[in-house]
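S.K.: how would this look folded up:
(2 chains)
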Amino acid sequence: MKNNENNENNQWGEPISSGTQVVGPYFGAYGGAFIPEILYSTIEELKEEFHKAKNDPAFWEEYKALMSNYSCRPTPLTYAERLTEHFKGAKIFIKREDLNHTGAHKANNVMGQGLLVKRMGKTRVIAETGAGQHGVATATMAARFGFDCTIYMGEVDVKRQRPNVFWMERLGATVVAVKEGTRILKDAINEAMRDWVSNMDSTHYVLGTACGPHPFPEMVSYFQSIIGIEARKQILQQHGALPARVYACVGGGSNAMGIFSGFFDDPVELVGVEAGGYGLSTGQHASRLSSNDSSIGVAQGYKTYFLQNHEGQMKETHSVSAGLDYVGVSPILANFKETGRVRFEAATDKEVIEALTLSIKKEGLIPALESAHAFVQAFKEAPELSADKAIIINQSGRGDKDIFTVADAYADPAWREFIIAKAEEYHE
Amino acid sequence: MNKTKVTEYIENQLKKKKILLMTHIVCGYPDFETSYRIVEEMVKAGVDMMELQIPFSEPIADGPVILHANQKSLESGTTVKDCLDFARKVTSDFEIPFLFMSYYNILFKAGVDTFVKEMASRGLQGAIVPDLPPEEGSKYLSCMDEKGLSPVFIFTPNTSFERMKYIANLARGFVYCVARKGVTGLDTSFSDKLETYLQQCREAVQLPIALGFGVKDKSDVNFLIGKADIAIVGTQSIRVVEQQGLKALGPFIAGLRD
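M.R.: I've put the predicted structure just below:
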């Protein structure tokens, strides 16, 4: 807790320790802004507005008030007593980002960017989405603020996550199924960029994760840092000490940046868990920082580790969770990999379903498949730690959206029957 | 600043022609044999310069037609090395200058200095890298300068005059003026507003200026005479080949100018 006093005296009166570590455009060798010239002035405007907001204490207060009145913040930190008993090791605490309005940490970022959009006087928002959580969150924010909204989503993901598409459309968003490339998250980002270079005057691109050109990694981390600020306070209250380790899943990296932000300056081990897919040895995964299959590159506006071939073409990735199925990773986390501040691991699809099963049975918690990756690694390590230690898992989202994928993974016969009956009903 | 070969070439051609024509192909689309024949047809029809695009999996500045061509080329197995070999062939067989167009990751992965050396050894004269702003490109700029190649930079209607002058200082060969917002291949309105923009571009830079994005037919090219030095026809020639076949390409290109 070496910087604790400083932390308590920062500009928002919050114990945040992230401020000095997540200032772009570069994080070590990673980050930057590799953007087409047409976006230069738009990005400049965004940077200026964001920095004005960041330096305005009233803005953070406005943001916090919005999040507490509209999105259940602060979200609880739940002591998982039965899981703790099960593993007979460290006390397991779970940060409940699943209780945000729209069911995931994505709300933090979109509501924050929504406030910026209002400040910039723009009237339309666009976003990419993988699992659909960020899309639903953005569509919700647009409805709340009265913005027009278009969501880009890979065709493969549209198929995997129809319930989220349904809700985005009900919320008034236009959902565009992207048929280019591998038809997943990265292709949705490309398509959103193409919209943005056409409509930047009226439109803000609500990038959903701590990736993309500067200032997005810094800005998204800033809004998500509310998770870590709360979690640090809560663990000190409930456990009386800092946690030994904090676990978060890593797709683009926004929920990980969020919860890690509370602990950067503390003697707390930070563990990011990526999608191991069918296993790292199969090559079919989305592990950028925990495998040797990635290399440094520049795409989608920023420099980081990408899963790409030796000539720089992006590879196909695989994960059971659409939200982690991405070729790049936050440049801030790439830098923390290099400095050793964050340890990166991978969880396979199979392990994820097992961890999900256990947390449902033991705690009545249904983490999203994405979040369940963090549970896998925490479950592996909890028994190594003594009972006086605590660990925190970030449950970044809720898993009921994944009912189709999860039911398939369980090969539940009654579910199958239900779907067939439902389909027949529609055929008639 | 010494004039690069590209600038000298453009200035010489402008003594003979009112406006020059630069076209664009995606290497290996639909295959390398056809790519070669497209180049051949274009050169025969009087094209003054050409962009050879190395396909990339994430071409964020390209619209549907060129995006599709990028994907198809990659799916058929096109590699960067294939594109370099192809460049060697066309630069030896045809007299006009050829430039590479691609995204920065292609250069970055090869190593910027290695890539620039490869370009020079294959007779290419410049490059257009739309996702590499000058702020991020100091190594690229020095490597290109060392080999006498032209790093072509971009002006847009959103670029302030002050920034145009900053970019003009670093640009070589010519400046690529994007006609409008958006991606390649969509319609552009050829209007007074475009003329004012081109005047501003002209004022900001001494190099020749080229206008691209949405240039489709003779009336567009005619509009640009006296306002720009080079008309860039990208997507439309790909469309012509896709819709009417290779035979239609020569007449299309020849018909763009009187």
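S.K.: beta partners of residue 153?
M.R.: No chain was given, so I picked chain A. residue A:129, residue A:177 (DSSP bridges).
S.K.: my bad, the chain I had in mind was chain B
M.R.: residue B:175.
S.K.: can you check residue A:306 too?
M.R.: In beta-bridge terms (that is, DSSP bridges), residue A:306 pairs with residue A:295.
S.K.: Residue A:145 reaches residue A:114, doesn't it?
M.R.: Yes: look at residue A:145 against residue A:114 with CB atoms under 8 Å: they come within range, at 5.0 Å. C-beta here means a position set from N, CA and C on the backbone, and glycine is covered the same way.
S.K.: which element is the closest residue to chain A within the stretch 1-150 of chain B on?
M.R.: As assessed by CB to the nearest CB, chain A sits closest to residue B:109 within the stretch 1-150 of chain B, at 3.5 Å. Using DSSP states H and E, residue B:109 sits in helix B:104-110.
S.K.: go on, residue B:180?
M.R.: Residue B:180 belongs to no helix or strand, assigned by DSSP H and E.
S.K.: how close does it sit to chain A?
M.R.: From residue B:180 over to chain A the distance is 9 Å, taken as CB to the nearest CB, to the nearest Å.
S.K.: what's the helix holding residue B:109 in contact with?
M.R.: A:34, A:295, A:297-299, A:306, A:308, A:310-312, B:54, B:56, B:58, B:80, B:115-116, B:118, B:127, B:129, B:131-132, B:136, B:140 (CB atoms under 8 Å, 6 or more residues apart in numbering or on different chains).
S.K.: what about burial for those residues, which qualify?
M.R.: Those of these that meet the buried threshold are A:34, A:297-299, A:306, A:308, A:311-312, B:54, B:56, B:58, B:80, B:115-116, B:118, B:127, B:129, B:131-132, B:136, B:140, by 16 or more other CB atoms under 10 Å in any protein chain shown.
S.K.: Okay, strands next: where are they in chain B?
M.R.: Secondary structure of chain B (DSSP state E): strands at B:20-26, B:49-53, B:98-101, B:126-128, B:150-155, B:175-178, B:209-212, B:230-233.
S.K.: Residue A:145 and residue A:114: who's more crowded?
M.R.: When residue A:145 and residue A:114 are compared on other CB atoms under 10 Å in any protein chain shown, the one with more neighbours turns out to be residue A:114, at 23 against 16.
S.K.: Now do that one against chain B, distance only.
M.R.: Taken as CB to the nearest CB, the span from residue A:114 to chain B is 24 Å.
S.K.: On the three-state scheme, that residue is what?
M.R.: helix (DSSP: H, G, I helix; E, B strand; the rest coil).
S.K.: Now do the SS call for the residue nearest to it when sequence neighbours are not counted.
M.R.: Closest residue to residue A:114 apart from its sequence neighbours, by CB to CB, 6 or more residues apart in numbering or on different chains: residue A:141 at 4.3 Å. At residue A:141, secondary structure determined by three-state DSSP is helix.
S.K.: contacting residues around the closest residue in space to residue A:369 that isn't next to it in sequence?
M.R.: Sequence neighbours aside, residue A:321 is the residue nearest to residue A:369 in space, at 3.8 Å (criterion: CB to CB, 6+ apart). By CB under 8 Å, 6+ apart, residue A:321 lies in contact with A:131, A:251, A:275, A:352, A:368, A:369, A:370, A:372, A:373, A:402, A:405.
S.K.: try residue A:56
M.R.: Counted by CB under 8 Å, 6+ apart, residue A:56 has zero contacts.
S.K.: Need phi/psi at it.
M.R.: Taking degrees, to the nearest 10, you get phi -110, psi 110 for the backbone angles of residue A:56.
S.K.: try residue B:160
M.R.: phi -70, psi 160.
S.K.: could you pull out the strands for the stretch 301-428 of chain A?
M.R.: A:302-306, A:342-348, A:390-395 (DSSP state E, counting those that start in this stretch).
S.K.: what's in contact with the last one?
M.R.: When contacts are taken as CB under 8 Å, 6+ apart, the neighbours of strand A:390-395 outside the stretch itself are A:77, A:90-98, A:105, A:227, A:231, A:235, A:239, A:241, A:243-249, A:255-256, A:258-259, A:365, A:367-368, A:371, A:374-375, A:378, A:381-382, A:385.
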